[in-house]
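Q: need a structure here:
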Amino acid sequence: MSETETEKGAEPAAEPAAETSAESSAATSNDAFGLTAIEVRPVDRVLVRRRESQVTTSAWRLEVTCDQGAGGIVRVEVATETGEQSVYRGDGVFLGWSQERLAEAYDSLSRPTDTGPTFELLQLG
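A: Numbers count the residues shown, from 1 in each chain. Now for the predicted structure:
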């Protein structure tokens, strides 16, 4: 009886170790900007108000969780005299980042990945 329990107990202990090594290799491929094991949620449309404007406008919010914590980057399109300009605001792990670094992180993390299935419309009839 003790041999069976020992064998059964040893098998599950070996499986998580294999999963951990697989997870660590996947986490290594998702490292960027000094953040590790990055998980990105789809970009959401959010409402924002700016001090310069008395109007509520829309913006895009990118939410990220990683080993260092959670955070988000909000991208607001602002009309200027020379055209439109993107302004970024970071919170959580992105708090205190420069506009250039936020823009680079937003662009690279919001880029679609090619790992999912492609969407094709069927032409019927």
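
Q: which helix or which strand is home to residue 42?
A: Using DSSP states H and E, residue 42 is not contained in any helix or strand.

Q: quick one: residues in contact with the one helix or strand residue 71 maps to.
A: Residue 71 belongs to strand 69-80 when assigned by DSSP H and E. Around strand 69-80, the neighbours that count as contacts under CB atoms under 8 Å, 6 or more residues apart in numbering are 46, 48, 50, 57, 59-64, 84-95, 102, 105-106, 109. Every C-beta, even on glycine, is put in place using the N, C-alpha and C of the backbone.

Q: which of those fall within helices?
A: Counting by DSSP state H, these place 102, 105, 106, 109 in helices.

Q: buried ones among the contacts of strand 69-80?
A: Among these, those classed as buried by neighbour count (16 or more other CB atoms under 10 Å) are 48, 59-64, 87-90, 93-94, 102, 105-106, 109.

Q: shaky segments in the protein?
A: The model of the chain has pLDDT under 70 over residues 1-30, 113-119, 125.

Q: about what we covered before: out of the buried ones among the contacts of strand 69-80, which are inside strands?
A: 48, 59, 60, 61, 62, 63, 64, 87, 88, 89, 90 (DSSP state E).

Q: which of those residues sits closest to residue 40?
A: Distances from residue 40 to these, taken as CB to CB, are shortest for residue 64 (5.4 Å).

Q: correct me, but that closest one touches residue 38?
A: Yes - with contact defined as CB atoms under 8 Å, residue 64 counts as touching residue 38 (6.0 Å).

Q: identify the contacts common to the two.
A: In contact with both residue 64 and residue 38: residue 109, using CB under 8 Å, 6+ apart.

Q: beta partners of residue 77?
A: On the basis of DSSP bridges, residue 77 is bridged to residue 86.
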